[in-house]
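Chemist: Quick one, fold the following:
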Amino acid sequence: MLTDYHNHLETGTLSLDYLRKFTDAAKEKGIDCFGISEHAYHFYQTADILQNSWVNERRYYDMKDYVSLFHQAWDKDIDVKMSIEMDYTPGKHEEMKRFIQAYSFDYVIGSIHWIGDFGIDLAEYKHEWEKRDINEIYKKYFDQVVTLAESNLFDIIGHIDLVKIFKYVPENEEFLLEQYERATDALANSKTCVEISTAGLRKPVGELYPDKRLLEKCFSKNIPIVLSSDAHFPEHVGADFGQAVALAKEAGYQSIMTFSNGVRKEYPLG
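Modeler: Coordinates of the predicted model:
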């Protein structure tokens, strides 16, 4: 069984023709369970959750059009799961909960891209890394991983160690492992799965998410996994999944989680 649950249409259109390019690519790659999880900040309905100048310029979709697209696909017997990738926003739990519960998502991804007004993975903000204390960034980032898990709002945490994207990593390994430990403790007490994402291989860090040491901690605490490519173009669907499966098995995993209508089932890892 292979999944690819983290994919975006934002570089094209919310149209059936563009969606088919992704689902066709998934079929070609032998992906059994495929889903689209557009960024929630693109939708007018999330304006009460996340507000900043970068995001506000990119809020141009309506959820009714998004939901309609999936119904069009299902009417054509296209097998695709409907999801959303939400920027986990501290202090906005009730607003996030209302949004999530307003739609019949197959699953919901929660990700961390912002520490306050600092977009940690955005090229426009990369200069900020040189101005800030790396340990403090990691501490605040993993604070959010913990509270994301504790919220129990999300089925999957996206690219759990995205914070390493530009190769800024604490020199103190003990400190880093402490962050991994508390993050996995929180996830183990939640419903949240961890994705192995191949997107990091296409980023400056040149590595899978998560770090093998972090994934091993996930396995030791029985935290389930899914596989994702975080494709923003059809050609990236299922990219480098051989490496993702190998990492999963090296960490000890033999199974993978699937989602449909919010219900999860475990299958042997392909």
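Chemist: So what does the residue nearest to the spatial centre of the chain look like in phi/psi?
Modeler: In the chain, the C-alpha nearest the mean C-alpha coordinate belongs to Gly158, at 2.3 Å (C-alpha atoms, centre = their mean). Phi and psi for Gly158, reported as degrees, to the nearest 10, are phi -80, psi 140.
Chemist: Now do the same contact list for it.
Modeler: His6, Glu85, Ile109, Gly110, Ser111, Glu195, Ser197, Ser228, Asp230 (C-beta atoms under 8 Å, 6 or more residues apart in numbering). C-beta: built from backbone N, CA, C; applies to glycine.
Chemist: One more: Val163?
Modeler: Val163 neighbours (C-beta under 8 Å, 6+ apart): Ile112, Ile120, Ile137, Tyr138, Tyr141, Phe142.
Chemist: Let's see if you can find the most crowded of the residues you listed.
Modeler: Counting neighbours by other C-beta atoms under 10 Å, Ile112 leads the contacts of Val163 with 26 neighbours.
Chemist: doesn't Tyr141 make contact with that one?
Modeler: Yes. Here Ile112 reaches Tyr141: they are 6.2 Å apart, a contact under C-beta atoms under 8 Å.
Chemist: Could you tell me which residues touch both of the two?
Modeler: Contact criterion C-beta under 8 Å, 6+ apart; residues shared by Ile112 and Tyr141: Ile120, Val163.
Chemist: List phi and psi for the nearest residue in space to Gly30 that is not next to it in sequence.
Modeler: Using C-beta to C-beta, 6 or more residues apart in numbering and skipping the chain neighbours, the partner closest in space to Gly30 is Leu2 (6.3 Å). Here is the backbone geometry of Leu2 (degrees, to the nearest 10): phi -130, psi 140.
Chemist: Would you mind measuring from Leu2 to Gly242?
Modeler: 11 Å (C-beta to C-beta, to the nearest Å).
Chemist: neighbour-wise, which of those two wins?
Modeler: Shown here are Leu2 and Gly242; by other C-beta under 10 Å, Leu2 has more neighbours (21 against 10).
Chemist: Quick one: the helices in this protein, in order.
Modeler: Here the chain has its helices, by DSSP state H, at 16-28, 53-56, 63-75, 93-101, 134-151, 173-188, 212-220, 241-251.
Chemist: Among the ones you listed, which one carries the weakest average confidence?
Modeler: For the helices of the chain, mean pLDDT drops lowest on helix 53-56, to a mean of 94.
Chemist: Using PDB, write down the CA coordinates of that helix.
Modeler: The C-alpha trace of helix 53-56 is given here as PDB (Å, rounded to 0.1, in the frame of the first residue of the first chain):
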ATOM      1  CA  SER A  53       0.600  40.500   4.500                       C
ATOM      2  CA  TRP A  54       2.100  37.500   2.800                       C
ATOM      3  CA  VAL A  55      -0.900  35.300   3.300                       C
ATOM      4  CA  ASN A  56      -3.500  38.000   2.600                       C
END
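Chemist: Other residues contacting it?
Modeler: Tyr41, Asp87, Gly119, Leu122, Glu124.
Chemist: quick one: buried residues of that helix?
Modeler: Val55 (16 or more other C-beta atoms under 10 Å).
Chemist: Name all residues that make contact with Asp161.
Modeler: Tyr209, Pro210, Asp211, Leu214.
Chemist: What degree of burial does the residue nearest to it when sequence neighbours are not counted show, as a neighbour count?
Modeler: Spatial nearest neighbour of Asp161, excluding adjacent residues (C-beta to C-beta, 6+ apart): Pro210 at 4.7 Å. Neighbours of Pro210 under the rule other C-beta under 10 Å: 28.
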